[in-house]
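> What follows is a predicted structure for the sequence shown.
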Amino acid sequence: MKSGIYLLSGLLLLIPLSLFSAEPRQSPTPQEQARTLTLLNQPVVMLQARFGLTTPEERVQRIVKQLRALTITDLQQPVTTQLLTRYHQQAVVFSINQKPFMVLVQADLDEGDDLTLTQAAEEVRQRLENLRLSLKEQYSPRYILTSVAKSLAGAAALTLLIVLCWRLARWLMRSDIARPANRKPLLPASVHSFIGPLRIRTYQTLLVIICLGAGYVWLSWVLRMFPYTRVWGMDLGNYALGLLQGVGLAMLAALPGLFIVTVIFLITAFVTRIIRLVLRRVEHGNLHIPGLHPATVGVTRRLISVAIWLFALSAAYPFLPGANSLAFKGISVFFGLMLTLGSAGIMNHAMSGLVLTYSRALRKGDVIRINDNEGVVTEVGMLSTKLVTRENYEVTVPNAVVVSGKITNLSAVIKGAGVNLTTSVTIGYDTPWRQVHSMLELAASRTRIIDHQEPPLVRQLALMDWYIAYELQVRLPPGASLAAARTELHSHIQDVFNEFGVQIMSPNFIAQPEGTVGVKPENWFPPPARKPDQDVS
């Protein structure tokens, strides 16, 4: 396979790229091109004077028309000249087989050449004669057969090149598949799995481009060898040369702008790196900046980076190649239209996300309640907030909804503490409140999924018409499941109330009871309530 690669390189060097070469010269103006007689892609003479009522451009067109009227028999005769007088001035008439086709006068000569009319006419005649002999030779059967043989040889070389490229592409694919498993790659496995197929596709694309370029060169070369198609071949070669020249000049012209763009982006990367290092120290608590909280450093870093890079892009945009082209203007209009159509909703959610972040109302890991959703916050993004509910569902709430609604953060205010769990029961007035307090505290002490270092707290929320509303608050350890703790606590509350014969029922008033519904002082401390040593009244 290595020998095939060397052969491929040799064939590329043998391709006659010299056919497209041209001597460097100053490009003529369109007016000079129209006044220049060009035959077989070679300039012969430039006519500069009017002859009678005919302009130089019209004279060139008339000469071309008369030359096209010549036959192969006429081309067998040499080019002759004749000096005579026309329109009161000396002129030299050029003829082939006694058929005049061009007139040269003294005013057509360039003063810088310092030639007489006869000398200039002889030089022009010699050029025409050389072109006639060359064209005569190219129309000969021997030249045609030689050109056909060269074309076939070039076609064989092109076919061999295509076959070698095809085999090389297949070899690259097989070598990538048959790579030894124990061979340690230079890049990580994830990166190699992505770059490997991309690398093979890149090589195959380069081989296809080489084959297409070789085919283009071969076609132009073949067309140039035959008189009937020489103009087409020259057009193909000139087009390729013009394209390459345009690309090269565009690349050279873009180098200063690209250098400025590179400098701008290097400075931007340096500034963002310094800002990232400073904000990282703030995030770790090693540096204090007034108004910047460690919890908001991540969002602040992203916002500052986006702002700096957008400023750098706006500063570098005028120096990008093609920044003033219609394509770039169309892209700018397209993105502006997209931003206009979608900015209302996106900006609403984005600004709401900034409010949530900088108000520090939510943090990752907090247990919150938004409307009917209760769960653990997993992400506070720029556009939405995600939380996992007790059913292990992931709920995505737009930030605009979060800001406009009510947010209940169940997590403790103290950093590192667990969630506060509250539950409530309603018991009639015939049950001593001290007994209810003790039973709720006993149920809390039997619950395993709570923080027993924090004593339970019992509150009487309201004295209703027929019952009293009690609330029990306990604290969970960090990371404990709120749903599991609530289930276990409710189970123990039911068990304790059943043990002491207290019904968890809320009585309703239907008729006036026979006696007073209340608790006598001697019944204030039924089990599990304990009478204090001293009553503080």
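In hand now; what should we look at?
> and Ile450, how many residues sit next to it?
21 (other Cβ atoms under 10 Å). The way it works is simple: take the backbone N, C-alpha and C, and place the C-beta from them, glycine included.
> same check, this time on Val376
Neighbours around Val376, by other Cβ under 10 Å: 20.
> One more: Arg125?
By other Cβ under 10 Å, neighbour count at Arg125 equals 18.
> likewise Cys165?
Cys165, neighbours per other Cβ under 10 Å, totals 20.
> wait, isn't Phe51 in contact with Arg59?
Yes. Look at Phe51 against Arg59 with Cβ atoms under 8 Å: they come within range, at 6.0 Å.
> Are there residues contacting both of those two? Which ones?
Val103 (Cβ atoms under 8 Å, 6 or more residues apart in numbering).
> Could I get the contacting residues of Leu236?
Taking Cβ under 8 Å, 6+ apart, one finds 216, 219-220, 223 in contact with Leu236.
> Relative to Thr205, how far out is it?
Distance, Leu236 to Thr205, by Cβ to Cβ, to the nearest Å: 23 Å.
> now the strands for the stretch 351-500 of the chain?
Counting by DSSP state E, counting those that start in this stretch, the stretch 351-500 of the chain has strands at residues 367-370, 373-380, 384-389, 394-398, 407-409, 420-428, 457-463, 467-475.
> Can you lay out these as a markdown table showing distance to Ala149?
Formatted as a markdown table, these follow (distance: least, Cβ to Cβ, whole Å):
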| stretch | distance to Ala149 |
| --- | --- |
| strand 367-370 | 85 |
| strand 373-380 | 74 |
| strand 384-389 | 74 |
| strand 394-398 | 74 |
| strand 407-409 | 88 |
| strand 420-428 | 97 |
| strand 457-463 | 106 |
| strand 467-475 | 98 |
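> For Arg434, which of those strands is the nearest?
Relative to Arg434, the nearest member of those by Cβ to Cβ is strand 457-463, separated by 10.3 Å.
> That closest one: which residues count as buried?
Neighbour-count burial for strand 457-463, counted by 16 or more other Cβ atoms under 10 Å, picks out Val458.
> Would you list the strands that that strand pairs with, along with their directions?
Strand 457-463 has the following sheet partners, assigned by DSSP bridges: strand 467-475 (antiparallel).
> ok now the strand it pairs with, how far from the chain's centre?
Mean C-alpha position of strand 467-475 versus that of the full chain (Cα atoms, centre = their mean, to the nearest Å) differs by 57 Å.
> picking that back up, may I see the contacts of Leu236 organised as a markdown table, with pLDDT, neighbour count and secondary structure added?
Below are those laid out as a markdown table (pLDDT from 0 to 100; neighbours: other Cβ atoms under 10 Å; DSSP: H, G, I helix; E, B strand; the rest coil):
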| residue | pLDDT | neighbour count | secondary structure |
| --- | --- | --- | --- |
| Tyr216 | 90 | 14 | helix |
| Leu219 | 90 | 17 | helix |
| Ser220 | 88 | 21 | helix |
| Leu223 | 86 | 19 | helix |
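> quick one: which of these is nearest Gln460?
Among those, and counting by Cβ to Cβ, the member closest to Gln460 is Tyr216, at 93.7 Å.
> need the contact list for that closest one.
Shown in contact with Tyr216 (Cβ under 8 Å, 6+ apart): 236, 240.
> Okay, it and Ile210: tell me how far apart.
Applying Cβ to Cβ to Tyr216 and Ile210 gives a distance of 11 Å.
> likewise Glu499?
Applying Cβ to Cβ, the value for Glu499 to Ile210 is 90 Å.
> Who has more neighbours out of those two?
Ile210 (17 against 12).
> A helix includes the more buried one, no?
Yes. Counting by DSSP: H, G, I helix; E, B strand; the rest coil, Ile210 falls inside a helix.
> Just give the closest residue to it, not the sequence neighbours.
Excluding the flanking residues, the one nearest Ile210 by Cβ to Cβ, 6 or more residues apart in numbering is Cys165, at 6.3 Å.
> Can you report phi and psi for the one you found?
Dihedral pair for Cys165: phi -60, psi -40, per degrees, to the nearest 10.
> correct me, but it touches Ile209?
No. With contact defined as Cβ under 8 Å, Cys165 does not reach Ile209; the gap is 9.9 Å.
> Arg281: which element?
Element membership for Arg281 (DSSP states H and E) is helix 230-283.
> Run the angle between the following helix or strand past that helix and strand 373-380 for me.
Where DSSP H and E defines the elements, the next helix or strand beyond helix 230-283 is helix 297-316. Counting by axes from the mean of the first three to the mean of the last three Cα atoms, to 10 degrees, helix 297-316 points 50 degrees away from the direction of strand 373-380.
> Helix 297-316 - contacts with which helices or strands?
Packing partners of helix 297-316 (3 or more Cβ pairs under 8 Å, 6 or more residues apart in numbering; DSSP states H and E): helix 230-283, helix 326-359.
> Any buried residues in the shortest one, and which?
Residues of helix 326-359 classed as buried by neighbour count (16+ other Cβ under 10 Å): 348-350, 352-354, 356-357.
> same question, stretch 485-504
Buried residues in stretch 485-504, counting neighbours by 16+ other Cβ under 10 Å, are found at 485-486, 488-489, 492-493, 496-497, 500, 502.
> same check, this time on stretch 281-289
282-283.
> okay, how far is it across that stretch, tip to tip?
10 Å (Cα to Cα, to the nearest Å).
> Repeat that for stretch 441-455.
Using Cα to Cα, one end of stretch 441-455 lies 9 Å from the other.
> for that stretch, what is the average pLDDT?
Mean pLDDT, stretch 441-455: 91.
> wait, which of the buried residues of stretch 485-504 is closest to Leu337?
The closest of the buried residues of stretch 485-504, once distances to Leu337 are taken by Cβ to Cβ, is Arg486, at 51.5 Å.
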